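A.B. asks: generate a structure from the sequence data that follows.
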Amino acid sequence: MSYMTKQQTAVLQCIASCPGGRATAIELAQRLRQDGQPVGLSTVYRQLEKLVAQGKVHKLLTEEGACYQYCDKARHTDCFLLQCEGCGAIFHMDCSHLGELYEHLLEGHGFAINPRRTMFYGLCEKCREAEK
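C.D. replies: The predicted structure is shown next:
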């Protein structure tokens, strides 16, 4: 386990408290400033990259740019993300069955999946219900 600085801890706690555990670096810097913890934007980006490397945060590339998603299941190899195409919500999932697929792709096809960057798109339960 790596040492976490005060700034890194503040950024992690801030993103964890965001709605859906997701925010951009600019949103995090603004929230930290509002909470009386003035942290520069470059510092927020630097700390986010460290948190991504540690598996505590997912970096998501969207049409609007990069945003970050809190991950309370650091270093799980069977994790993946689901994004609802209806409402845009992002869900963090852990499922051992996906690990079986990753293993098959590696052994059968020589392709190693990066589970920390795997995203599936579809409709969440709420949006599916709304379509009925």
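A.B. asks: strand partners (parallel or antiparallel) of the worst-scoring helix or strand of the chain on mean pLDDT?
C.D. replies: Taking mean pLDDT, DSSP states H and E as the measure, the chain has strand 90-94 as its least confident helix or strand, at a mean of 79. Strand 90-94 pairs in its sheet with strand 79-84 (antiparallel), by DSSP bridges.
A.B. asks: can you give me the buried ones in the partner strand?
C.D. replies: Buried residues in strand 79-84, counted by 16 or more other C-beta atoms under 10 Å: C79, F80, L81, L82, Q83, C84. The C-beta positions use only the backbone N, C-alpha and C, and glycine is treated the same way.
A.B. asks: please name the bridge partners of the third one.
C.D. replies: It refers to L81. Taking DSSP bridges as the rule, L81 bridges to H92, M119.
A.B. asks: using TSV, please lay out the buried residues of strand 79-84 together with distance to F111.
C.D. replies: Putting the buried residues of strand 79-84 into TSV (distance: C-beta to C-beta, whole Å) gives the following:
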residue	distance to F111
C79	18
F80	16
L81	19
L82	21
Q83	22
C84	27
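A.B. asks: what's the farthest-apart pair in those residues?
C.D. replies: C79 and C84 (17.4 Å; C-beta to C-beta).
A.B. asks: domains of this structure?
C.D. replies: The record's domain parsing of the chain by automatic domain parsing lists 6-70, 79-131.
A.B. asks: just name the most buried of the ones you listed.
C.D. replies: Highest mean neighbour count among these (mean count of other C-beta atoms under 10 Å): domain 6-70, with a mean of 17.
A.B. asks: span of that one from start to end?
C.D. replies: 17 Å (C-alpha to C-alpha, to the nearest Å).
A.B. asks: going forward, the N-terminal residue is numbered 839.
C.D. replies: Fine by me, first position is 839 from now on; the one you just mentioned is domain 844-908.
A.B. asks: and it, how far out from the chain middle?
C.D. replies: Relative to its chain's centre, domain 844-908 lies at 10 Å (C-alpha atoms, centre = their mean, to the nearest Å).
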